[in-house]
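>>> quick one, structure for this:
(one chain, ligands or ions: 2)
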Amino acid sequence: MSIPTKVVRRPELTFWDRLYLPQVLAGLWVTSRHFFFNLFFHILHRFGLFKWIRAAVTFQYPEEQRPLVPRSRTRHRLTKRDDGSPRCVACMMCETVCPATCITITAEEHPDPNVEKRPKSFVIDLGKCVYCGFCVEACPEDAIRMDTQILDIAAYSREAMVLDMPELLNPRSARIVSSK
Ligand code: SF4
Ligand code: SF4
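Ligands and ions are numbered 1, 2, ... in the order given. Prediction:
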């Protein structure tokens, strides 16, 4: 069975298209229009005028960070019990479900006989993580979340992209943005 095909001819460039100048000028016009519009209204806003007309706002990232919607998936953290210990019971569900195989957990016996296990070490390699959130979905204990609102995952080495358990329990230490 032959598959019907449609031949689309590439349109020939006109004289004005070959000049490129009209397109360059059109681009400059669009940029200048936005620039002067924003400049004009930001000056008026300074004097309390025309506040209902919005002008573009630039966030001075990374010093100034735009608020994220609460459901954004950001860097992981391990939640804690009231005594400060991890809620994780080392069931390995997150490690098993992770499509990037970037979670590595070593389990040990919990001193409390009512709790079977706890993680001896819990490591996430953010260099491999695809931020799918499957680990959060799979956890039966609500022990892992991706709600830190920390987006920066830049580092100078692959080793610095690996988060260990102290880092996951206290994610604001932001070790990953260090120059290691
Ligand atoms: S977000 Fe996805 S890829 Fe990243 S650790 Fe969780 S399950 Fe693995
Ligand atoms: S799924 Fe939850 S309880 Fe199980 S090992 Fe992962 S973080 Fe711990």
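>>> mind giving me the packing neighbours of the longest strand along the chain?
For the chain, the strand that runs over the most residues, judged by DSSP state E, is strand 117-125. Contact partners of strand 117-125 among helices and strands, from 3 or more C-beta pairs under 8 Å, 6 or more residues apart in numbering; DSSP states H and E: strand 103-109, strand 162-163, helix 165-169. Backbone N, C-alpha and C define where each C-beta goes, glycine included.
>>> what residues does the protein have near ligand 2?
Counting by C-beta under 6 Å from any ligand atom, the positions of the chain adjacent to ligand 2 are 88-94, 105, 138-139, 141, 143-144.
>>> please repeat the previous calculation with a cut-off of 8 Å.
By C-beta under 8 Å from any ligand atom, the residues of the chain that approach ligand 2 are 78, 86-95, 97, 103, 105, 119, 122, 135, 138-144.
>>> hang on, the earlier thing: got the buried residues for the longest strand of the chain?
Going by neighbour count (16 or more other C-beta atoms under 10 Å), the buried part of strand 117-125 is Arg118, Pro119, Phe122, Val123, Ile124, Asp125.
>>> Leu68 belongs to a strand?
No - Leu68 sits outside any strand when classified using DSSP: H, G, I helix; E, B strand; the rest coil, being coil.
>>> nearest to Met165 among the buried residues of strand 117-125?
Proximity to Met165 was ranked across those by C-beta to C-beta; first place goes to Phe122, at 4.4 Å.
>>> on the pLDDT front, check that closest one for me.
The pLDDT attached to Phe122 in the predicted structure is 97.
>>> give me every residue that touches the nearest residue to it once chain neighbours are set aside.
Taking C-beta to C-beta, 6 or more residues apart in numbering as the measure, Phe122 lies nearest to Met165, with 4.4 Å between them; neighbours along the chain are not counted. Residues in contact with Met165 (C-beta atoms under 8 Å, 6 or more residues apart in numbering) are Leu78, Pro86, Pro119, Ser121, Phe122, Val123.
>>> quick revisit: can you narrow the buried residues of strand 117-125 to ones near ligand 1?
Among the buried residues of strand 117-125, the residues that sit close to ligand 1 (C-beta under 8 Å from any ligand atom) are Ile124.
>>> and the buried residues of strand 117-125 as JSON lines, adding distance to Phe35?
Shown next, in JSON lines, are those (distance: C-beta to C-beta, whole Å):
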{"residue": "Arg118", "distance to Phe35": "58"}
{"residue": "Pro119", "distance to Phe35": "54"}
{"residue": "Phe122", "distance to Phe35": "50"}
{"residue": "Val123", "distance to Phe35": "48"}
{"residue": "Ile124", "distance to Phe35": "43"}
{"residue": "Asp125", "distance to Phe35": "43"}
